[in-house]
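[1] model this:
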Amino acid sequence: MSKTALIVVDVQNEYFPHGNYPQHGVEEALQSVKQAIAHAHAHDWSVVLVQHFMPEGAPLFQAGTDNVAIHAEVLAAAPDAPVVQKYHADSFFETNLEEVLKEQGAESIVICGIMTQNCVAYTAISPDAASYDVKVLPAACCAPDPVVHGAALEAIRDRGVAFTEL
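    Residues are numbered from 1 along each chain as shown. Below is the predicted model:
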């Protein structure tokens, strides 16, 4: 059986009601992310958290603010998970994600998080993800609205990425 890593992308305070860019279905996605983390722990998967930052002066994800923080419930569910910091939509691009996955012996990855049409999609179809068996967990993802979420999932599927339920 191959070693699987759960990659939790950008479940940060910025996307919740008190943040600057609340997402549709974010609370439901959060509950699904926590269930996915519990599933990962129960099945000896590794968990990797990804945290997005933007340059100084950008309207979102400012270093040193509460909004850039990974949601406390995710941190509580995966307190020992490595955190990969990124500045681009693709969680592999100019980060140490690939090194973290290699250290963990990952052969397959399951991706979830926020936003479906941006960082989740770009991570799933990243050229650097091509060496892994990649799946996306739609129930643990969300976007600005359900139409964008659905369209992004179709685009991900068009690129040959499978979906999974836990």
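[2] where do the helices sit along the protein?
    Per DSSP state H, the chain carries helices over the ranges 26-42, 72-77, 97-103, 121-124, 146-158.
[3] what sits against Thr4?
    Residues in contact with Thr4 (CB atoms under 8 Å, 6 or more residues apart in numbering) are 40, 43, 45-46, 106-110. Where you see a C-beta, it was placed from the backbone N, CA and C, and this is true even at glycine.
[4] By residue count, what's the longest strand in this structure?
    Across the chain, the longest stretch assigned as strand under DSSP state E is strand 133-142.
[5] quick check: angle from that strand to helix 146-158?
    An angle of 180 degrees separates the directions of strand 133-142 and helix 146-158 when computed by axes from the mean of the first three to the mean of the last three CA atoms, to 10 degrees.
[6] In a markdown table: the helices of the chain, plus mean pLDDT, mean neighbour count and distance to Met54.
    Rendered in a markdown table, the data for the helices of the chain read as follows (pLDDT from 0 to 100; neighbours: other CB atoms under 10 Å; distance: least, CB to CB, whole Å):
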| stretch | mean pLDDT | mean neighbour count | distance to Met54 |
| --- | --- | --- | --- |
| helix 26-42 | 98 | 18 | 19 |
| helix 72-77 | 98 | 15 | 20 |
| helix 97-103 | 98 | 17 | 18 |
| helix 121-124 | 98 | 24 | 15 |
| helix 146-158 | 97 | 15 | 20 |
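[7] and the longest strand of the chain, what does it pack onto?
    When contacts are defined as 3 or more CB pairs under 8 Å, 6 or more residues apart in numbering; DSSP states H and E, strand 133-142 packs onto helix 26-42, strand 108-114, helix 146-158, strand 162-163.
[8] Of all those, which one is nearest Glu56?
    Between Glu56 and the helices and strands packed on strand 133-142, the shortest gap by CB to CB is with strand 108-114, which sits at 22.2 Å.
[9] List the strands paired with that closest one, with their directions.
    Paired neighbours of strand 108-114 in the sheet (DSSP bridges): strand 4-9 (parallel), strand 133-142 (parallel).
[10] So which of those strands is the most surrounded?
    strand 4-9 (a mean of 26; mean count of other CB atoms under 10 Å).
[11] Now do that one and helix 26-42, the angle between them.
    With the same axes, to 10 degrees applied, the angle from strand 4-9 to helix 26-42 works out at 160 degrees.
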